[in-house]
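Participant: need a 3D model of the following:
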Amino acid sequence: MRGSGGSWLVGLVLVAVLATGCGGGQSQPSQAAAEPLTGPAKVKVTMDGWESPTDLGVVAAKAGGFFEDVGRNVWVGVPARPKRPVKYVSEGRDTFGVVQLPQVAIAKEKGAPIIAIGSLLAQPTAAMIWLKRSKIHTLADLKGKTIATSSVPYQKRFLAAVLARAGLSLEDVHLRPLGYDLVPALLSGKADAIFGGSWNLEGVTIEARGAHPVIRRVQSFGAPSYEELVVITRRDLLVERPDLVRDFLSAVHSATGAALENPKAAVRLMKGADEPNPKDDWKVTEAELEATLPLLSRTGRMDPGKASALVRWMYEEGVLRQRIPVSQLLTNDYLPSRP
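Facilitator: Okay, here's the model as predicted:
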């Protein structure tokens, strides 16, 4: 159970974040358990990657006892590959997953029985990133270069749309799907640019480690604004266990509010932990938090108009092969009521 005081909660949350390797850490992720869900008390959620400030609501709910407060025993895991949460939820291995909204659209196009039920990150943060020391100045300069991606399926289609703006195609570049290793690949020279990372995580991490990134956000390539990081579940769960869906979202909503209450105190508590990470990690984490906190969704509510604009853009750019009705992508019906 959580103790009294928002600063204690956030300190605990951030300890959990750093313990799993925030901002391009080197620890190995674990796969979600393979057995199917059995029983109402067994709730599993797989994140979209390393636990980080972007999914602070879920991490805080777990670390601070908010899930226990609503009577739910929740397991939170990091996937071996970023694309796994959709698969796990679709197959019923997990109850919930954390993914990017464009990924939901691609999955729905392929018939996945999933739906977004709440927003964690209210703005897109995806970006193309290279270093100033490179000879890359424009997208056209990427011809013949190596671009590392995080292996999330939709990003290859996104990248094709981005390159087309410079008259290039995927055949004009060398793709390296590297999962979580984008930052090391760029800093070591194994990749000339990275795509699919975030300006507020990978971009900030690169800068905090003394390099000088050039960051081109997806909005500069014509992408509309949208809720980027969302929670998904299976559609049938909405009918079979609506109370579970509401409890989960209520806990995440409450934890997000508590974690945002006093982030400065949280960082101070982090520095006083018994087993702190290297000082460089503190610097990186502080920078990531500062960049990310203003982007978090405080209500979890998703804007159907923004989602519609995203689907239209993805269709026009060839990222989607058909327009997906917004009603198939998301629902706000299970979020906590506004005060």
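
Participant: pLDDT averaged over the strand of greatest length in the chain - what is it?
Facilitator: Scanning the chain for the longest strand, with DSSP state E as the assignment, gives strand 114-121. In this model, strand 114-121 carries a mean pLDDT of 97.

Participant: packing partners for that strand?
Facilitator: If you count contacts as 3 or more C-beta pairs under 8 Å, 6 or more residues apart in numbering; DSSP states H and E, strand 114-121 packs onto helix 56-63, helix 84-90, helix 101-109, strand 229-234, helix 235-240, helix 242-259, helix 326-329. Bear in mind the C-beta positions are built from the backbone N, C-alpha and C, glycine included.

Participant: which of these has the lowest mean pLDDT?
Facilitator: helix 56-63 - the lowest mean pLDDT of these, at a mean of 85.

Participant: residues of it that come out buried?
Facilitator: Using 16 or more other C-beta atoms under 10 Å as the test for burial, helix 56-63 gives 56-63.

Participant: what of stretch 72-79?
Facilitator: Within stretch 72-79, the residues scored as buried using 16+ other C-beta under 10 Å are 72, 74, 76-79.

Participant: mind putting the buried residues of helix 56-63 in a markdown table, distance to residue 85 included?
Facilitator: Shown next, in a markdown table, are the buried residues of helix 56-63 (distance: C-beta to C-beta, whole Å):
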| residue | distance to residue 85 |
| --- | --- |
| 56 | 17 |
| 57 | 16 |
| 58 | 12 |
| 59 | 15 |
| 60 | 19 |
| 61 | 17 |
| 62 | 16 |
| 63 | 20 |
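
Participant: ok, so of those residues, who is nearest residue 247?
Facilitator: residue 61 (10.5 Å; C-beta to C-beta).

Participant: hang on, isn't residue 334 packed against residue 245?
Facilitator: Yes. Taking C-beta atoms under 8 Å as the definition, residue 334 is a contact partner of residue 245 at 4.6 Å.

Participant: list residues touching both of those two?
Facilitator: 117, 238 (C-beta atoms under 8 Å, 6 or more residues apart in numbering).

Participant: circling back: CA atoms of the longest strand of the chain as PDB?
Facilitator: This file holds the C-alpha atoms of strand 114-121, laid out as PDB (Å, rounded to 0.1, in the frame of the first residue of the first chain):
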ATOM      1  CA  ILE A 114      -7.700  -4.900 -29.400                       C
ATOM      2  CA  ILE A 115      -8.900  -1.400 -28.600                       C
ATOM      3  CA  ALA A 116      -7.200   1.700 -26.900                       C
ATOM      4  CA  ILE A 117      -8.900   2.500 -23.600                       C
ATOM      5  CA  GLY A 118      -6.800   5.400 -22.200                       C
ATOM      6  CA  SER A 119      -4.000   7.800 -23.100                       C
ATOM      7  CA  LEU A 120      -0.700   8.000 -21.200                       C
ATOM      8  CA  LEU A 121       1.300  10.300 -23.400                       C
END
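
Participant: which of the residues in it are buried?
Facilitator: 114-121.

Participant: any chance you could map the strands in this structure?
Facilitator: 43-46, 74-77, 96-100, 114-121, 126-131, 146-149, 174-177, 193-198, 213-217, 229-234.

Participant: which one of these lies nearest to residue 327?
Facilitator: It is, among those and with distance given as C-beta to C-beta, strand 114-121, at 9.2 Å.

Participant: any idea of the angle the closest one forms with strand 229-234?
Facilitator: Per axes from the mean of the first three to the mean of the last three C-alpha atoms, to 10 degrees, the angle that strand 114-121 makes with strand 229-234 is 160 degrees.

Participant: could we number from 55 for the rest of this?
Facilitator: Happy to do that; since the first residue is 55 now, the last one works out to strand 168-175.

Participant: how distant is strand 168-175 from the center of its chain?
Facilitator: Relative to the centre of its chain, strand 168-175 is centred 11 Å away, using C-alpha atoms, centre = their mean, to the nearest Å.
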